[in-house]
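Undergrad: I'd like to go over a predicted model; first the sequence, then the structure.
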Amino acid sequence: MSQPDQDSRIAAAFSALRQDEEEQCPTFASVLARARMQSRRRVASHRPLLAVATGTAIAIAVLAAWISLRVEQPPEPRPSIVEWRSPTGFLLETPGREVLTGPEGLGRSVLDLATPTERRSSS
Amino acid sequence: MTGEPLERSLEALHPASFGWALGCCRWDREEAEEVLQTTYFKILDGRARFDERSSFKTWLFAVIRRTATERRRSRWLRSLAALRWRGGDPGPDPVPTPETRLGSAEESRLLRTALGSLPARQREVLHLVFYQDLTVEEAARVLGISVGSARTHYHRGKSALRERLAREEER
């Protein structure tokens, strides 16, 4: 069998196949109707998702507005560092601490600080 | 192209589209109808748009082929997941033999059997050229391959088909 004959044999087989399949082809209207139904179903299935997304967006917007509009509380007055007193400061109130905190006086003895001057002068 | 002109164009090509969908689904009629339905849905929904870079038929056939491939892939992945869950080996995508698909004339049955044994690309090129009367260049555009590659598939497919048809007829 020559090449063109073989090609025409294949073409004839395909032609028969096409004829056969065209007879079994569903109508365009039925396929289109199902496609439209599929499209509607898709929209319907997206509706709850859309509602959730819209609700979330609204909640976020309301929250953002509330935060931005909220009146800021005046800050509590903080005590100055100069006024601050340590709660355990009394422990440092020991006898003779003047020697450590005050300037040393000329002609004064440490003993003067520990004992009253009057008693020393009277003795 | 939108609305009524688009629908008219789809309707004019509907029998050819069904034939091509059947070819893409290895003559599984139910699957071919699903593929065609999804293709129309994609087009009407605007997810697949005709950009007029090729003929409408070439573009439509490319959308049908892509849709069939996507469906086949997702079905295979689903079956893979199901089998993994059950702890089995998925194996290849189960494909019924052409004889079990459409009850038809002997000639068509022989051709389907012979085509079914060809590699997918050869089968597709032969279908587009002989069944859909496209040129090899147009077939290449539908399949998204080079013209040279399509020509090679066409020639190899033709000689393989001749051999298989002869063998089938001898039986």
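TA: Good, I have the coordinates.

Undergrad: Quickly find the element holding residue A:59.
TA: Applying DSSP states H and E as the criterion places residue A:59 in helix A:28-69.

Undergrad: Output the contacting helices and strands for that helix.
TA: The contact analysis (3 or more C-beta pairs under 8 Å, 6 or more residues apart in numbering or on different chains; DSSP states H and E) places helix A:28-69 against helix B:3-12, helix B:29-45. To be clear about C-beta, it is placed using only N, CA and C from the backbone, and glycine gets the same treatment.

Undergrad: want to throw those helices into CSV with distance to residue B:72, mean pLDDT and mean neighbour count?
TA: CSV is the format used below for the helices and strands packed on helix A:28-69 (distance: least, C-beta to C-beta, whole Å; pLDDT from 0 to 100; neighbours: other C-beta atoms under 10 Å in any protein chain shown):
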stretch, distance to residue B:72, mean pLDDT, mean neighbour count
helix B:3-12, 23, 87, 13
helix B:29-45, 8, 90, 21
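
Undergrad: so which of the ones you listed gets nearest residue A:9?
TA: helix B:29-45 (26.0 Å; C-beta to C-beta).

Undergrad: Distance to chain A added to the helices and strands packed on helix A:28-69, as JSON lines?
TA: Output for the helices and strands packed on helix A:28-69, formatted as JSON lines (distance: least, C-beta to the nearest C-beta, whole Å):
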{"stretch": "helix B:3-12", "distance to chain A": "5"}
{"stretch": "helix B:29-45", "distance to chain A": "4"}
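
Undergrad: number of nearby residues for residue 47?
TA: Defaulting to chain A. 9 (other C-beta atoms under 10 Å in any protein chain shown).

Undergrad: Chain B was what I was after
TA: 9.

Undergrad: Please report how far it lies from chain A.
TA: As defined by C-beta to the nearest C-beta, to the nearest Å, residue B:47 lies at a distance of 10 Å from chain A.

Undergrad: Could you give the number of residues near residue A:94?
TA: 8.

Undergrad: Chain A contacts on chain B?
TA: Along chain B, the residues adjacent to chain A under the rule C-beta under 8 Å from any C-beta of the partner chain are B:7, B:10-11, B:14-15, B:18-19, B:22, B:29, B:33, B:36-38, B:40-41, B:44-45, B:102, B:104-105, B:107-108, B:110-112, B:126-127, B:130-131, B:158, B:161-162, B:165.
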